[in-house]
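Asker: curious how this folds, go ahead:
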Amino acid sequence: MGKIFGVLFCILISNLASSSYAQGTCNSYAFSRSTIYATCVPLPVLNSHLHWNYHSSNSTVDLAFRHAGSDTSQWVAWALNINGQGMLGAQALVAVTGSNGSVQAYTSSVTGYSTGLQPSPLSFDVPSVAAERVNGDVVIYATLVLPSGGTRFNQVWQVGPVNNGAPGIHGLGADNRNSLGSVDFISGETGAGGSIGGSRQRRRNTHGVLNAVSWGVLMPMGAMAARYLKVFSVANPAWFYIHAATQTSAYIVGVAGWATGLKLGSDSAGVTHQSHRNIGIILFSFATLQVFALLLRPKPDNKYRFYWNIYHHSLGYSIIILSIINVYEGLDILDPEKKWKNAYTGILIALGVITVILEALTWFIVLKRKKEDKRTHAGATNGHA
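Answerer: Prediction:
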């Protein structure tokens, strides 16, 4: 028990030290303009800080948004969202760093997910905006006239690449997705995350889990059942029902995952993942064809059964290959902790090892039966002779 308390105490001290260091770095930063800001908060992601002075007499705030460790050919933005949360509707201050290190600052009102962050006026007054890059830190300076005399707003900040002198699409990693929250210019309190961003992330996670389980795990398992169980006499016709039940379950869960993907796409106009979407459409089409093919399955002695088998097997293996590819595409988009990709890879390796063992066992049984059939046939021939 004492050891447990000791570990917890060490964790507590470590967290307090990290927090104190971050706050100390925030407050002790020396701006090139020698401006002193009364309030400073380290933002939780993207190595950023927000400094400000609030003036209650005229409801204005002088602020500096600082992103540390910025590269050249990179844009940085900080925004208030007056009527919502997240990117859509954000009123942004933007700083674009060119390849020569020069920085251009301007305002941009974000009206859609396909925005190029073009210069445009905001919904509230911004008497001044400027930016600089010093020792790798990009700082945006601005004076804002807070709308309706409010002091608490939702905030968003982001970092992305510059392509041909214009802001490009930012990354979709965990830090980029979590760079939103709230700020109160009087109390200095900030909050991380938001219900809209959290809800969308939950839908993304749900979409990923449903599709990984259905297309990425159940589909291969169903194919393995058909391939390796029917070689055992005692498993006939049980193997068929196991195969059909597993693939039907995979299809139903996969359709649910596909539907969540459509919903995510409709809620994120302008954000497209072309290859992931196209493979998903092909998978859904192929799987639907497989379902209808079961209704048209000829009897074993039908002359068309041979061609139906070729069609069924070819389409089935194509679905499995595309499923695995698309699961990895989705994992790259979600960008979860590495352990999740490792876990899925481990499942595939386990299924692969089982497949190799069962394949060897299947061939052993088949060859053994052929030898026994030859002996039986030879014995019958000798008996007639």
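Asker: and the longest strand for this structure?
Answerer: The residue-count maximum for a strand in the chain (DSSP state E) belongs to strand 152-163.
Asker: which strands or helices does it pack on?
Answerer: strand 48-55, strand 60-67, strand 74-81, strand 91-97, strand 180-184 (3 or more Cβ pairs under 8 Å, 6 or more residues apart in numbering; DSSP states H and E). In short, each C-beta sits where N, CA and C put it, glycine included.
Asker: Tyr113 - that's part of a strand, no?
Answerer: No. Under DSSP: H, G, I helix; E, B strand; the rest coil, Tyr113 falls outside any strand and is assigned coil.
Asker: for the remainder of this discussion, apply numbering that starts at 46.
Answerer: Sure thing, new numbering starts at 46, so read that last one as Tyr158.
Asker: number of nearby residues for it?
Answerer: For Tyr158, the count of nearby residues is 15 (other Cβ atoms under 10 Å).
Asker: so it makes contact with Leu133?
Answerer: Yes. The pair Tyr158 / Leu133 is scored as a contact, 6.6 Å apart, by Cβ atoms under 8 Å.
Asker: can you say which of the helices and strands packed on strand 197-208 is nearest to Ser73?
Answerer: Closest of the helices and strands packed on strand 197-208 to Ser73 is strand 93-100, at 11.1 Å (criterion: Cβ to Cβ).
Asker: rewinding a little: any buried residues in the longest strand of the chain, and which?
Answerer: Using 16 or more other Cβ atoms under 10 Å as the test for burial, strand 197-208 gives Phe198, Asn199, Gln200, Val201, Trp202, Gln203, Val204, Gly205, Val207.
Asker: pLDDT and distance to Tyr352 for these - can I get that in TSV?
Answerer: Shown next, in TSV, are those (pLDDT from 0 to 100; distance: Cβ to Cβ, whole Å):
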residue	pLDDT	distance to Tyr352
Phe198	91	65
Asn199	90	60
Gln200	92	62
Val201	92	57
Trp202	93	59
Gln203	93	55
Val204	93	56
Gly205	91	52
Val207	88	56
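Asker: could the residues you listed be laid out in a markdown table, adding distance to Ser144?
Answerer: Formatted as a markdown table, the buried residues of strand 197-208 follow (distance: Cβ to Cβ, whole Å):
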| residue | distance to Ser144 |
| --- | --- |
| Phe198 | 34 |
| Asn199 | 33 |
| Gln200 | 29 |
| Val201 | 26 |
| Trp202 | 23 |
| Gln203 | 20 |
| Val204 | 16 |
| Gly205 | 15 |
| Val207 | 8 |
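Asker: which of the residues you listed sits closest to Ala271?
Answerer: Gly205 (47.4 Å).
Asker: contact partners for the closest residue to that closest one other than its chain neighbours?
Answerer: Spatial nearest neighbour of Gly205, excluding adjacent residues (Cβ to Cβ, 6 or more residues apart in numbering): His215 at 3.3 Å. By Cβ atoms under 8 Å, 6 or more residues apart in numbering, His215 lies in contact with Gln203, Val204, Gly205, Pro206, Asn221.
Asker: given the longest strand of the chain, what are its sheet partners and their directions?
Answerer: Partners of strand 197-208 in the sheet, by DSSP bridges, are strand 119-126 (antiparallel), strand 211-212 (antiparallel), strand 225-229 (antiparallel).
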